[in-house]
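Enquirer: 3D, please:
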Amino acid sequence: MFKIFFYINELNYIQKENLNQLRNINIIYRNYEGNNYYENALNLSRYCKKMNFNLYVSNDKPLATRISSYGLYIPSFNDQDYFTETNLNIIGSAHNEIEIRKKINQGCTEIFISPIFNTSSNGDKVGRGLPFYNSLIHKFSKQIRIYALGGVNQKNLNKIILSGGKGFSSKSMVEKKMKKSLISYLNLIATNL
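Expert: Sure thing, here's the model as predicted:
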């Protein structure tokens, strides 16, 4: 199955309008600013349960456990080793092979590789490209699932699928009102690939 993840700091009207039309979505709660941190997490948890979405909490195992989230997301900068003893599903992000191996040791079963495409989030970053992404997919295919992150948009989504990718994550895609064609396409790939 092709997996779709969206990063959300605080569920706003546009995000909710988009998400209300989508199926089989995974949400990563990543509120590093800490504004209304617990309240936002609780609201998002309730919303995800209502919509039957899987919720992952970023970098906060106690909160993930407290709100009964589906899983825990470990960002690339977190190199602690204590995540393996948990009932949570653990996912993470990495930028290279060394970080992938670290995430595997932390108990991650799914890892985002970033950036695949050029992106302007957190400053301009040049994407590593699909050949880099594909080489990691093939190298680690027996250990983990690898997904695309960074610069993923409607125009290059097909490139991920055609290259054999099994999923992606995006922050910017869900923050703008989605066209009906994109919503239909996301629902199609989330349920049929």
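
Enquirer: Please count neighbours and contacts with C-alpha atoms only from this point.
Expert: Will do.

Enquirer: which stretches of this structure have low pLDDT?
Expert: 82-84, 122-123, 193 (pLDDT under 70).

Enquirer: Helices along that one, start to end?
Expert: Remark: helices assigned in the chain by DSSP state H are 13-19, 37-51, 61-66, 97-105, 130-139, 157-162, 172-175, 180-192.

Enquirer: Counting neighbours, what do you get for I98?
Expert: When neighbours are counted by other Cα atoms under 10 Å, I98 registers 9.

Enquirer: picking up where we left off before, let me have the helices of the chain in TSV, adding distance to T86 as columns.
Expert: Converted to TSV, the helices of the chain look like this (distance: least, Cα to Cα, whole Å):
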stretch	distance to T86
helix 13-19	28
helix 37-51	19
helix 61-66	9
helix 97-105	14
helix 130-139	26
helix 157-162	31
helix 172-175	29
helix 180-192	27
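
Enquirer: thought K125 was touching H95?
Expert: No: the criterion here is Cα atoms under 8 Å, and K125 misses it with H95 at 11.9 Å.

Enquirer: so which of the helices of the chain gets nearest N87?
Expert: When the helices of the chain are compared for distance to N87 using Cα to Cα, the nearest one is helix 61-66, at 8.9 Å.

Enquirer: List of residues touching the closest one?
Expert: Helix 61-66 is contacted by residues 38, 56-57, 70-72, 83, 88 when judged by Cα atoms under 8 Å, 6 or more residues apart in numbering.

Enquirer: Save those residues as JSON lines, and put in distance to N187 too.
Expert: Converted to JSON lines, those look like this (distance: Cα to Cα, whole Å):
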{"residue": "Y38", "distance to N187": "30"}
{"residue": "Y56", "distance to N187": "20"}
{"residue": "V57", "distance to N187": "23"}
{"residue": "Y70", "distance to N187": "21"}
{"residue": "G71", "distance to N187": "22"}
{"residue": "L72", "distance to N187": "24"}
{"residue": "F83", "distance to N187": "32"}
{"residue": "L88", "distance to N187": "26"}
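
Enquirer: Pull out the buried residues from these.
Expert: 56-57, 70-72, 83, 88 (16 or more other Cα atoms under 10 Å).

Enquirer: mind listing what's buried in stretch 58-67?
Expert: For stretch 58-67, the neighbour count (16+ other Cα under 10 Å) marks 58-59, 61, 63-65, 67 as buried.

Enquirer: One more: stretch 152-166?
Expert: 152-153, 157, 160, 165-166.

Enquirer: and what of stretch 170-190?
Expert: 170-171, 173-175, 178, 183, 186-187, 189-190.

Enquirer: Could you export those as TSV, including distance to F117?
Expert: As requested, the buried residues of stretch 170-190 are exported to TSV (distance: Cα to Cα, whole Å):
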residue	distance to F117
S170	11
K171	14
M173	14
V174	17
E175	18
M178	20
I183	21
L186	19
N187	22
I189	20
A190	21
